[in-house]
Every structure is written in structure tokens, then in C-alpha cells.
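1. sequence unknown, structure follows:
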């Protein structure tokens, strides 16, 4: 039985906010030097099969071409183009129509690189570091390069549609797909999303940004109802999607499994039709997550363009709906026009990607560099790191994650690596034959302790394996906390290497002198960690997500908030923390985190000075501000700092605000003693909140704080402005 054609969540208004039609999002200053940006631009152009191999039509020309094709199709042919196929030999394919020259649409997953695809368009690929590691770089050039590798390898295997990136906000660190996205802050996620999509689509590949929207947990993911108010939705959970559409011009959006305010995402008229297509002007097409369609007529009428992976709802039932008069055939025509014109615009209609070898060595080197850049140094007491190989005679490599490369998380984003560098192999290659290395998996704690006592340095590799479909407690599994405590007691030079997809609790933190968060480093795991340990690469990563001290400290700490209450198919999760997601919660509640958002140490030190704001008073009608300051490398080593700009809004009972919100950042690479200058532009969006009365963005008059620092909790420069 089909449900009604529209959903009417109480927390939403059906009014469109016209003030957003010409909204402008923030652009921080470039994150790398001009030289690297120029090099990257030429590198991307050299490998753009879709944009430089042939002329691609304009949107208007593609639209005319798509409509001409659709006008020649029978109803049966149209319905066949509305969904993928159940044929196992053509898995992840929307089968084309040779009669009218409609090509197959070949689809692969890909947030961490070329992932699962179908027969004939799958294969081994470069296992890039996990997306959460990319987020820890805070580097937009890196995000473009990451996307370009994933996009080019998709094309190398014959694909034209890459289900990537995953940009859902890390509302709860327990989410089993935390590793697959970019962390907890909507501004940081937005910037990375735009850059990553630009990289993917530079290769002539259609990016598929996901999962739209408010898809924040795996527990009961197929049915959980996210109850979220309008302002929170607009300020936390939608900005990255809006930026993906308006700035990156993403070709496709994936509808999520869950419900938002009582309506499933794939049939949600407010999300798909009103906000995405009408308000934001999205001209691409919307596909469903696999098996996410719950009802055919509401989905086809409310904005879903393509059902995946098969035609359970958009096949025979849809054809019957048209014949019965429930669905106008013109509605199907518009869905097909959207997909066909997007394929034409991207050049994958007449010029399909061809199979060719993946440049294994070149892309492996990129994967290694990106992984190194994403490593976060969390603790380094008495400057234990970097180690000197010349001063070592023996090293113990201990732990359940010491025996194999952690190439990525599990599920639909899993990459089949072209090769893997194991930790032992990489460490031995870095140390040479003169240093004895002993490997132990840590399963026998007594044995591991004995080994640790006998060596100069103990490197303990611990972690957890996140996977789609399951949430994970952020408590380390399998007795690893006890192992760490025992090794730390046996050797005062114990270094902990975390291979996790997100935050974990660390009851042993004060017992160890050094902690490194390596995330899931990808296929180059074994080379990445030694490069950090021995100072071949000075760590520059910053946390894109807060690490809590305890479960009780989390923003969503009640059952009503997470995982929700009610039967499994009717679970309701209350987003009652509202705007206080991530660091906003810890700041507002005066809770000290284990490690704050934006945090990350270096082997050198940086000093901040000379904050200058372009104005002290701005008009609330059109606020625009430039923030200038200097950063000096005051330490011993060449290094890179990620300087962060936060804005503290005026808060009131009628319009409460978190203490600070990230609104800009800059990566600054400096030699020892060198000074660098940051110039960050803040536009109207940086001073705006969502106004539920007008259903649009509005800058509220009052006094605003400008906070510049090395993390959300390490503010080093302060200024203020007034909006009149």
C-alpha cells in the first residue's frame, strides 16, 4: 500500500527562504603554497578524461538533448531507466538502452577510494587514508587531490558515478561510519566536501554526495526518526550539502535511509523538492541509498530520481502507478531528464571511461603523503618524539594492530588495496639492519611485558575496526586498555599509536609519554607511522572531532538522544542538544574534553601575533570582515600550523548561541624562525544564524568576538566587532 504524497514534519516550515538564493559561503585562504596549488592544478588537468578529452555540452544543451531522448521512449523503457538491476552479473549498473543510445550507468562506492563496484568495473585500487584522516589535515588542496585520485581510479576501472563523499556530521562518535566522513563541525566539513567533490569531478566522474540528510548513526539506521528543529537542521546538518550543491556543483545526491521529523529521506518533499531542488537550485539527480526506498509513489512524486540497487518500487509498481493515474508520466520524464542531462554534461554519455592500469606507484605516494599529513600528535611528554634511530639498539612492536596494515574501515567504502605495507616491514625499512625489532600481538600480556622491558622503546599499536551497519562503543575492545597500562609500567619509553576511526577513551593517558592518532592510514600504513616517529614528517594534523574523557560527557548522552527510544522500526532519536554538537557542547557546558576539537601538537612550536581586523563596526545588513595575523615558527624544526578563527556570537534567551563557532582556518608551513601571514575573509554567513521567523539567514546586531588560536580551547589572539 502506497502512503500519501507529502510529509509534513512539525518542526519544518514549507516556506522557501528566498534570502538564500544568492547566499555566499566562506572561503578561507589557500591551505598550501601557491607553488603546490599550481602544480596540483596542472596535475589534475593532465588526468581529466571527462573535461579535457572532449567538449562537454552546457547544461542548456544537455537539457535539450535529454528531453529529446525522453520524448522517444516508451513507458516501459522509461520505467526501466528509473532503477538499477537485480542481475548479479550487472550489479551496480543502471542498464542502458541501445535503441536510443542511452549508455549503462556504472556505479562504484568510494569515500576512501575506489570501493565495491560490479563485474567488469571493479578491481583493486589505492587504499587512501580514511576520510576522517583527510579531515585531520584541514587541507583543501589535499582534499582535492584525494578526490582526484578516487575519481581517476574510478574512471580507470570504467566507472562514471562515484558514491562519494560521505559528509554527515559526527553527532555521536559511536557511529560506525565516523571514519568515513569529516568530523563534527559544519564549516570544516563544508570546505572539505567542496574541495573533494571538485577533485572527483575534475576527472569527468559524477560525484554522489551522501547521505542526505541527518544520517548520524548505524543503530536502526533503516528506520530511525531523527527529530531535529529547523534551526539546528539548517546550521548543523545541512550546510555541507548546501555548499556541495552551490559551490562544488555536485552531480548527484544520495537520499539516506533514516527519517527526518517523521518522513523517510527518500520521500521527503521538504528535503528533496523544496530545499534541495527549488531553494538551492540543484540541477543534478537524486539516487537512493541501497534499499532505502520505503514507498514508491511518495518517493517518485517528492523528488527521488533513481532507485538503487534494483526496481523494487520504481519497477513494476511504478509502471502500474502510471497506468492507474497515480503518477503522471510527466513526473517520470523530469526524473529521467535530470539524470540524462547530468551524464551528458559530464561527458559520460558519448565518451565512456575506458579501462586502463592504475598508476600504482604514483597514487601510492600520494596516499602516503596524505596519511602522514593527517596524523595527529596527541601527547609528547619530555619531547620523547621524534626518536633518533641512531641511538636505538632494540624496539618492540606490540599490539593487535601491529601485525597488519590498517587499510580502512569496513562496509561499502572498503577498498581492495593494490598493495599493503605492514607495520613491521615499514619499521624495519626505516631502522635498517642495525636495530633489532621484535613483533608481538599482545595477546599474552605477560609475554608482551617481558618483551617491552628488554628494549629501548616500546611502540604499542592499538585500535578498533569500525564498519558500516554497526555502531561501536568508544571503549577500546579486547583488553587493549589493560595491555597499554601493563606495557607503560614496564617501559617508560612507551609510544601509543592509535589506529581508530574516531575518538576512543584513554584511561591510561597519564601513564604514557607519547600518543599518536594515525586513524586508518591506508595501504601505506607501515611507512606512515615510522615517518612520524622518527621525524621524517613533522606532524601537523588537527582533530576534526572532540575526544571525550567519558561517555557521560558526550553531547548525546541520554538514551532519548542516542540511540533513541521505541521499537527498532519506530525508534525516535531526539536531537535535543540542538546546536551544541561536538565542541560547542563542551564549551557551553564547561566540560573539559580529553582532547579538544582542532587540537594537535608538533615537534616545533608556534607563536601568534599582530591580530588586525579590517573594521570594528559593520552593518548587519551586509557584514564582511578580513582577519589578518602572523604566525611564527619559534621551535627547532620546519613545520606546519593550522591556525583557526572562531566567532563568538551575541547570545540571548530568544536566540541562544554556542560560545564559539569555527568560521575560518589557514595552513601555514614555516621553516625554523620563519614568520608567516594569515589573511582570512569572513563574509555575511560567518555572522549569520538561521531565523525561524523568516526561514532564512540573518545577521543579528550586537557584539561579536573574534578568536584566533591553535585549537578550539587554545585561543591565542582576541578581537571584537559590533554589528549595527
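-> Received, thanks. These numbers come from a predicted model, not from an experiment.

2. residue contacts, residue 124?
-> 358, 416, 417, 418 (CB atoms under 8 Å, 6 or more residues apart in numbering). C-beta here means a position set from N, CA and C on the backbone, and glycine is covered the same way.

3. quick one: those as TSV, columns for pLDDT, secondary structure and distance to residue 301 too.
-> Listed next are the contacts of residue 124 as TSV, based on pLDDT from 0 to 100; DSSP: H, G, I helix; E, B strand; the rest coil; distance: CB to CB, whole Å:
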residue	pLDDT	secondary structure	distance to residue 301
358	97	coil	42
416	97	coil	39
417	98	strand	43
418	98	coil	44
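
4. which one of those residues is nearest to residue 290?
-> Nearest to residue 290 among those, counting by CB to CB, is residue 416 at 18.9 Å.

5. rewinding a little: buried members of the contacts of residue 124 into ChimeraX, please.
-> If you want just the buried ones from the contacts of residue 124 in ChimeraX, going by 16 or more other CB atoms under 10 Å, the selection is:
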select :358,417,418
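
6. now, which of the contacts of residue 124 sits nearest residue 476?
-> Of all the contacts of residue 124, residue 417 has the smallest distance to residue 476: 25.0 Å, by CB to CB.

7. let me see the contact set for the closest one.
-> Residues in contact with residue 417 (CB under 8 Å, 6+ apart) are 124, 125, 126, 127, 405, 407, 522, 523.

8. residue 707 now?
-> Residues near residue 707 by CB under 8 Å, 6+ apart: 645, 646, 647, 648, 660, 715, 717, 718.

9. so is it in a helix, a strand, or just coil?
-> Here residue 707 is recorded as strand under DSSP: H, G, I helix; E, B strand; the rest coil.

10. burial of residue 327, as a residue count?
-> 21 (other CB atoms under 10 Å).

11. my bad, should have said residue 213
-> Residue 213 has 27 nearby residues by other CB under 10 Å.

12. for it, give its distance to residue 228.
-> Residue 213 sits 9 Å away from residue 228, going by CB to CB, to the nearest Å.

13. shared neighbours of these two, anything?
-> Contacts common to residue 213 and residue 228, judged by CB under 8 Å, 6+ apart, are 237, 260.

14. so how far is residue 619 from the closest residue to residue 624 other than its chain neighbours?
-> What sits nearest to residue 624 in space, not counting adjacent residues and going by CB to CB, 6 or more residues apart in numbering, is residue 683, at 5.4 Å. Shown here: residue 683 relative to residue 619, a distance of 13 Å by CB to CB.

15. for the stretch 1-150 of the chain, which segments count as strands?
-> For the stretch 1-150 of the chain, the strands defined by DSSP state E, counting those that start in this stretch occupy 93-94, 105-109.

16. what strands line up against the last one, and which way round?
-> Here strand 105-109 is paired, per DSSP bridges, with strand 93-94 (antiparallel), strand 161-163 (parallel).

17. what sits up against it?
-> 84, 92-94, 96, 114-118, 121-122, 154, 157-164, 308, 339, 343, 353, 412-413.

18. out of these, which sit inside helices?
-> Using DSSP state H, the subset of the contacts of strand 105-109 located in helices is 154, 339, 343.

19. TSV for those, including neighbour count and distance to residue 509?
-> Formatted as TSV, these follow (neighbours: other CB atoms under 10 Å; distance: CB to CB, whole Å):
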residue	neighbour count	distance to residue 509
154	33	40
339	25	51
343	24	51
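
20. nearest to residue 184 among the contacts of residue 417?
-> residue 522 (22.2 Å).

21. name all residues that make contact with that closest one.
-> By CB under 8 Å, 6+ apart, the neighbours of residue 522 are 112-113, 126-130, 133, 367-368, 370-371, 407-408, 417, 528.

22. give me that answer again for 6 Å
-> Shown in contact with residue 522 (CB atoms under 6 Å, 6 or more residues apart in numbering): 127, 128, 129, 367, 371, 407.

23. could you check how far it is from residue 69?
-> From residue 522 to residue 69 the distance is 41 Å (CB to CB).

24. give me the element the nearest residue to residue 564 once chain neighbours are set aside is part of.
-> Closest residue to residue 564 apart from its sequence neighbours, by CB to CB, 6+ apart: residue 573 at 3.5 Å. In the assignment (DSSP states H and E), residue 573 maps to strand 572-574.

25. circling back: and the contacts of residue 707, which are buried?
-> Listed as buried from these are 645, 646, 647, 648, 660, 715, 717; burial here means 16+ other CB under 10 Å.

26. quick one, grab the pLDDT at residue 345.
-> As predicted, residue 345 sits at a pLDDT of 96.

27. so residue 190 is in which element?
-> Going by DSSP H and E, residue 190 is in helix 186-201.

28. need the strands paired with strand 105-109 in JSON lines (columns: mean neighbour count, distance to residue 547 and mean pLDDT).
-> Listed next are the strands paired with strand 105-109 as JSON lines, based on neighbours: other CB atoms under 10 Å; distance: least, CB to CB, whole Å; pLDDT from 0 to 100:
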{"stretch": "strand 93-94", "mean neighbour count": "24", "distance to residue 547": "42", "mean pLDDT": "97"}
{"stretch": "strand 161-163", "mean neighbour count": "30", "distance to residue 547": "29", "mean pLDDT": "98"}
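
29. which of these sits closest to residue 469?
-> In terms of CB to CB, the element of the strands paired with strand 105-109 nearest to residue 469 is strand 161-163, at 15.8 Å.

30. what about that closest one, distance to the chain center?
-> 15 Å (CA atoms, centre = their mean, to the nearest Å).

31. which other residues reach it?
-> Taking CB under 6 Å, 6+ apart as the rule, strand 161-163 contacts 105, 107, 108, 109, 110, 154, 200, 205, 206, 207, 208.

32. okay if I get the contacts of residue 522 as a markdown table plus neighbour count and distance to residue 297?
-> Shown next, in a markdown table, are the contacts of residue 522 (neighbours: other CB under 10 Å; distance: CB to CB, whole Å):
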| residue | neighbour count | distance to residue 297 |
| --- | --- | --- |
| 127 | 31 | 41 |
| 128 | 35 | 40 |
| 129 | 35 | 43 |
| 367 | 27 | 45 |
| 371 | 31 | 47 |
| 407 | 26 | 43 |
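
33. tell me the one of those residues nearest residue 331?
-> Nearest member of those to residue 331, counting by CB to CB, is residue 128, at 39.1 Å.

34. I'd assumed residue 111 was in contact with the closest one.
-> No. Contact criterion CB atoms under 6 Å: residue 128 and residue 111 do not qualify, at 9.3 Å.

35. so what's the closest residue in space to residue 688 that isn't next to it in sequence bridging to?
-> Leaving aside its sequence neighbours, residue 688 sits nearest to residue 697 (CB to CB, 6+ apart; 4.1 Å). Under DSSP bridges, the beta-bridge partners of residue 697 are residue 690.

36. pull up the gap between residue 697 and residue 687, please.
-> As judged by CB to CB, residue 697 and residue 687 stand 10 Å apart.

37. neighbour count for those two, which is higher?
-> The neighbour comparison of residue 697 against residue 687 (other CB under 10 Å) goes to residue 687, with 24 against 18.

38. which residues touch the more buried one?
-> 623, 699.
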